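**Q** output the structure for:
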Amino acid sequence: MHRSFKSMGRAAASFASVVLAVSAAAVPAPEARAGEPRIVVVGEVSGAANAVTGLLQKLELVDETGHWSGGDAVLVQTGDLVDRGEHVRGAVDLFIRLQEEAAAAGGRVVVLMGNHELLNILGEFQGVEYAAYQHFAGPDAELQQQRAWEAVADWRRRRAEATGAQFSADEAAKAEWLAAHPPGWVEYAMAMRPEGHYGRWLRTLPAAFELDGQLFVHAGFTPEMRGLEVAEVNRRAADEIATFDAYRARMAADGLGLPFSSARELVDVIAKEIAYLNALDGARQRRAKDRIEAANELQSLTGMGGWSVLAETGPLFFKGATAWDDDERGAEMATILDGAGATRMVVGHASGPDKHIHARFGGRVIIASTELSDDPWGTNKPAALEIVDGQTFVVTPSSRAPLSEGS
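**A** Residues are numbered from 1 along each chain as shown. Alright, predicted model coming up:
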């Protein structure tokens, strides 16, 4: 299986989050020339609803009540709105609302799909902060948790009977499952499904966005994407996600999975089903003809690691924007951007020392992520990229300075 699928949860880290107040005078918003909107780019939010609200207030994009006040400005959030922080629900609610309010005011809020949005769509919650589930827990959360365990135990029993595998649903197994799926987990998982309030919205997010020759994407365009138009990149991503949703629905209907089964769990089920069927003798295989046909049809899901949304050479996981050497591969990056018709590319996928706003590759690639956290003991360095009249600036709660390469 593709390496990036095996390591989907490796990037997921967690923080304990509480409200963080950002103090400093507002930075005045500059005037853009007629016909050229002011563009503000915010990188990874990672569930830091309070920190990003404070930053947007300083940028005069939202008022003191958290409602849109940016007029016709364009706000681009480069993905990874979810995971890591406690206030995922607050962060997503904020941007859903700002999209509607900005549109009504003549502005625009674009939220890109990041790899963590994708992981949530796939039911991979390794990056979800434990405390985040509490914000999804209703008054009957423990009952929902218990019912989910009962469904899991029953499903495990049926799968063991179907494949002759060992089965355990004793108190130790139950305790282990409950510890990994706390109250609120079920509600969170169902909210991220296609019909869930947040899942429906996540599935509308584009993988890439273009405005006036400027390309915005979570991780970046890659050599394998050379020449692709933004519309095609977004169509592929949407089709792959729809395919996964269809597979999960079919497997749940056929008893091969549950409504909240993750991609990793479903792939494992298919692999074990195929291994069991392959081990049958000829007579038993003939009697299991329908089951074999179904397994063969599902087998393509095991190759989902090669899908554009999961591949390391795709727009959500690519590391070249930060990892490539400017001198060694600068010409290649220029060719990629020229093929996309982009004057510059702004990305949000960064880690370690790259988590600050800076330009690379002769200014044609800008890394837009900083450390945002609602944790008072964590690192919080709020900043945004601002593009006005083609000029780029780094804006913090207390300063505004031109962007320089490598800064």
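**Q** against A189, how distant is the spatially closest residue to A169 that is not a sequence neighbour?
**A** Once flanking residues are discounted, A169 sits nearest to A153: 3.9 Å by Cβ to Cβ, 6 or more residues apart in numbering. (Glycine included, C-beta is placed from N, CA and C.) With the distance defined as Cβ to Cβ, to the nearest Å, A153 ends up 17 Å from A189.
**Q** of these two, which one has the most company?
**A** Shown here are A153 and A189; by other Cβ atoms under 10 Å, A189 has more neighbours (24 against 17).
**Q** can you tell me which residues contact that one?
**A** Taking Cβ atoms under 8 Å, 6 or more residues apart in numbering, we find A189 in contact with 123, 125, 260.
**Q** on that earlier part again, okay, the residue nearest to A169: pLDDT?
**A** Looking at A153, its pLDDT stands at 97.
**Q** format the CA atom coordinates belonging to whichever helix or strand it is part of as CSV.
**A** Take DSSP states H and E as the rule and A153 turns out to sit in helix 141-163. Provided in CSV are the C-alpha atoms of helix 141-163 (Å, rounded to 0.1, in the frame of the first residue of the first chain):
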residue,chain,number,x,y,z
ALA,A,141,-23.0,10.6,25.0
GLU,A,142,-22.3,7.7,27.3
LEU,A,143,-25.3,5.8,26.0
GLN,A,144,-24.1,6.5,22.4
GLN,A,145,-20.7,5.2,23.3
GLN,A,146,-22.1,2.0,24.8
ARG,A,147,-24.3,1.4,21.8
ALA,A,148,-21.4,1.9,19.5
TRP,A,149,-19.3,-0.6,21.4
GLU,A,150,-22.2,-3.1,21.2
ALA,A,151,-22.3,-2.6,17.5
VAL,A,152,-18.6,-3.1,17.2
ALA,A,153,-18.6,-6.3,19.4
ASP,A,154,-21.5,-7.8,17.3
TRP,A,155,-19.7,-6.9,14.1
ARG,A,156,-16.5,-8.5,15.3
ARG,A,157,-18.3,-11.6,16.2
ARG,A,158,-20.0,-11.9,12.8
ARG,A,159,-16.7,-11.2,11.0
ALA,A,160,-15.0,-13.9,13.1
GLU,A,161,-17.7,-16.4,12.1
ALA,A,162,-17.4,-15.4,8.5
THR,A,163,-13.6,-15.9,8.3
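**Q** whatever helix or strand comes next after it packs against which elements?
**A** Counting by DSSP H and E, the next helix or strand C-terminal to helix 141-163 is helix 171-180. Judged by 3 or more Cβ pairs under 8 Å, 6 or more residues apart in numbering; DSSP states H and E, helix 171-180 is in contact with helix 141-163.
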